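**Q** pasted the sequence and its predicted model underneath.
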Amino acid sequence: MKKTALVTGILGQDGPYLAKLLLEKGYKVYGLLRRYSTPGFGNLEYLGIEHDVDYIEGDMTDESSLLSIIKNTRPQEVYNLAAQSFVGSSWEQAKLTTEVNSLGVLHLLNAIKYFSPTSRFYQASTSEMFGLSHENGIQDENTPFHPRSPYGVSKVYAYWMTVNFRESYNIFASNGILFNHESPIRGIQFVTRKITDGVARIKLGLQNELRLGNLDPQRDWGFAGDYVEAMHLILQADTPDDYVIATGETHTVQEFVEKAFAAAGILDWKKYVQTDPRFQRPAEVPMLKGRIDKAVKQLGWKPKVSFDELITMMVKADIERLEKKAR
Ligand code: NAP
Ligand code: GDD
């Protein structure tokens, strides 16, 4: 019998990488699609799996759709990746962010409780929950939360609701507290992809400046392809639990910029980068750096792709994409 999994957020960055991994492991994969006049399957196409997923229509804000999906499919594993995941928009759309990221999780957990209590549940929690909080410059599973954005606040609710369903109803519900992870199919608004796409355009003479916000924040950046392996391992553990998934290294946005330009053979990056207050945030998370001892010990997980390899991969993919478009 094939194992079955439901993946929400199937059209995003992580959904396609996770679906590919699960398909390779022989799973039947259901992907939750919200109603769109023209849904974008580009990320699934990029990974060559757009015809291999079973799509089901539903929306995280529509509890009845989630109740019937869980009732009809009873998947062994549910990976909740759907979210309004762009921190920058969460101040302007705080209510929507809360409805999708907080109440949406409650809807899904309730559906599991009523119709499929043996389903294992993965919640896409985030290092944004730590916000200002750290101990000696590092965050792990014991670091208290101090979120800095409506997005971070919404994810703290979802984190605790996941823990609460585990403790109240004995549901196998786990949180992956993932630090920033990127790839060639990262959304274009996020800083890494905005930089690699901008660098590629500058390299090809299609653009002559890159406008960014604050270059000082530090992030612990890994590769999405490595991080979806951790999601899967979290649901294969003997008991449900919460894990930090990161690289343990931190770099400033400026370092990412310098290395991305260098990867395209451009050394005078300052000539092209402009600071634009439109991209600054009302409250910033200054530094993220995760300690992964628990994941290494209990899951046997470690990241494989280095910071430099990630940047080279993304710059190369963006240059190739633009060259292909121009042909
Ligand atoms: P992403 O690219 O923004 O994808 C999010 C997905 O959620 C999109 O496919 C989107 O659908 C879907 N979605 C949004 N609102 C929905 C709704 N009301 N109903 C159903 N689906 C909805 O995010 P990602 O980078 O893949 O991240 C996956 C998850 O991990 C998110 O929960 C994010 O918050 C969390 N996370 C990400 C990182 C990271 O660095 N990437 C780190 C920690 C945690 P459309 O395509 O239709 O818009
Ligand atoms: N997006 C963006 N655009 N960010 C910029 C820019 C810009 O022009 N200029 C500077 N930054 C800074 C942001 O202020 C932030 O400090 C940092 O670059 C990273 O921004 P994002 O790439 O938008 O990611 P994020 O760290 O806010 O959030 C991502 O990671 C979280 C995990 O820590 C998202 O994927 C979240 O969904 C995820 O939970």
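**A** Ah, there it is. Ligands and ions are numbered 1, 2, ... in the order given.
**Q** quick one, domains of this protein?
**A** According to automatic domain parsing, the chain comprises the domains 4-181+221-245, 188-219+251-287+306-326.
**Q** any part of the last one near ligand 2?
**A** Yes. Domain 188-219+251-287+306-326 lies within reach of ligand 2 by Cβ under 6 Å from any ligand atom, at 189-192, 194, 212-214, 217, 219, 253, 279, 281, 284. All C-beta spots, glycine's among them, are computed from the backbone N, C-alpha and C.
**Q** now do the first one
**A** Yes. Part of domain 4-181+221-245 sits close enough to ligand 2 to count as contact by Cβ under 6 Å from any ligand atom, namely 85, 87, 88, 126, 127, 128, 179, 180.
**Q** and that domain, how far out from the chain middle?
**A** 9 Å (Cα atoms, centre = their mean, to the nearest Å).
**Q** can you lay out the domains of the chain as TSV showing mean pLDDT, mean neighbour count and distance to residue 293?
**A** What follows is those, written out as TSV (pLDDT from 0 to 100; neighbours: other Cβ atoms under 10 Å; distance: least, Cβ to Cβ, whole Å):
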stretch	mean pLDDT	mean neighbour count	distance to residue 293
domain 4-181+221-245	98	20	7
domain 188-219+251-287+306-326	97	17	19
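**Q** so for residue 296, which of those domains sits nearest?
**A** For the domains of the chain, the distance to residue 296 is smallest for domain 4-181+221-245, at 9.9 Å, taking Cβ to Cβ.
**Q** next, the distance between the ends of the closest one.
**A** 24 Å (Cα to Cα, to the nearest Å).
**Q** nearest to ligand 1: which residue in the stretch 1-150 of the chain?
**A** When scored by Cβ to the nearest ligand atom, the stretch 1-150 of the chain has residue 12 as its residue closest to ligand 1, at 2.1 Å.
**Q** you'd agree that residue is in a helix?
**A** No. Read with DSSP: H, G, I helix; E, B strand; the rest coil, residue 12 is coil and lies in no helix.
**Q** next one: phi and psi at it?
**A** phi -80, psi -150 (degrees, to the nearest 10).
**Q** in which helix or strand would I find residue 125?
**A** strand 120-126 (DSSP states H and E).
**Q** following that strand, which helix or strand shows up next?
**A** helix 150-169.
**Q** extract the CA atoms of that following helix and return them as CSV.
**A** Taking Å, rounded to 0.1, in the frame of the first residue of the first chain, the C-alpha atoms of helix 150-169 are listed here in CSV:
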residue,chain,number,x,y,z
PRO,A,150,2.2,40.2,12.6
TYR,A,151,3.6,37.2,10.7
GLY,A,152,5.7,36.1,13.6
VAL,A,153,2.9,36.6,16.0
SER,A,154,0.5,34.5,13.8
LYS,A,155,3.1,31.7,13.7
VAL,A,156,3.5,31.7,17.5
TYR,A,157,-0.3,30.9,17.8
ALA,A,158,0.0,28.1,15.3
TYR,A,159,3.1,26.7,17.1
TRP,A,160,1.3,26.5,20.4
MET,A,161,-1.9,25.2,18.9
THR,A,162,0.1,22.3,17.4
VAL,A,163,1.7,21.6,20.8
ASN,A,164,-1.8,21.8,22.4
PHE,A,165,-3.4,19.3,20.0
ARG,A,166,-0.5,16.9,20.8
GLU,A,167,-0.9,17.3,24.5
SER,A,168,-4.8,17.5,24.6
TYR,A,169,-5.8,14.9,22.0
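**Q** any part of it near ligand 1?
**A** No. Helix 150-169 is not in contact with ligand 1 by Cβ under 6 Å from any ligand atom; minimum separation 6.7 Å.
**Q** likewise stretch 313-322?
**A** No. Using Cβ under 6 Å from any ligand atom, stretch 313-322 stays clear of ligand 1, with a minimum separation of 13.2 Å.
**Q** with just CA atoms, put that stretch into PDB.
**A** Only the C-alpha atoms of stretch 313-322 are listed here, as PDB (Å, rounded to 0.1, in the frame of the first residue of the first chain):
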ATOM      1  CA  MET A 313      23.100  27.900  -7.600                       C
ATOM      2  CA  MET A 314      20.600  30.700  -7.400                       C
ATOM      3  CA  VAL A 315      22.600  33.200  -9.500                       C
ATOM      4  CA  LYS A 316      23.300  30.600 -12.100                       C
ATOM      5  CA  ALA A 317      19.600  29.600 -12.300                       C
ATOM      6  CA  ASP A 318      18.400  33.200 -12.700                       C
ATOM      7  CA  ILE A 319      21.000  33.900 -15.500                       C
ATOM      8  CA  GLU A 320      19.900  30.700 -17.300                       C
ATOM      9  CA  ARG A 321      16.200  31.500 -16.900                       C
ATOM     10  CA  LEU A 322      16.600  35.000 -18.300                       C
END
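**Q** how about residues contacting it?
**A** With contact meaning Cβ atoms under 8 Å, 6 or more residues apart in numbering, stretch 313-322 is reached by 182-184, 186, 192-193, 196-197, 199-201, 203-204, 206, 223, 260, 263-264, 305.
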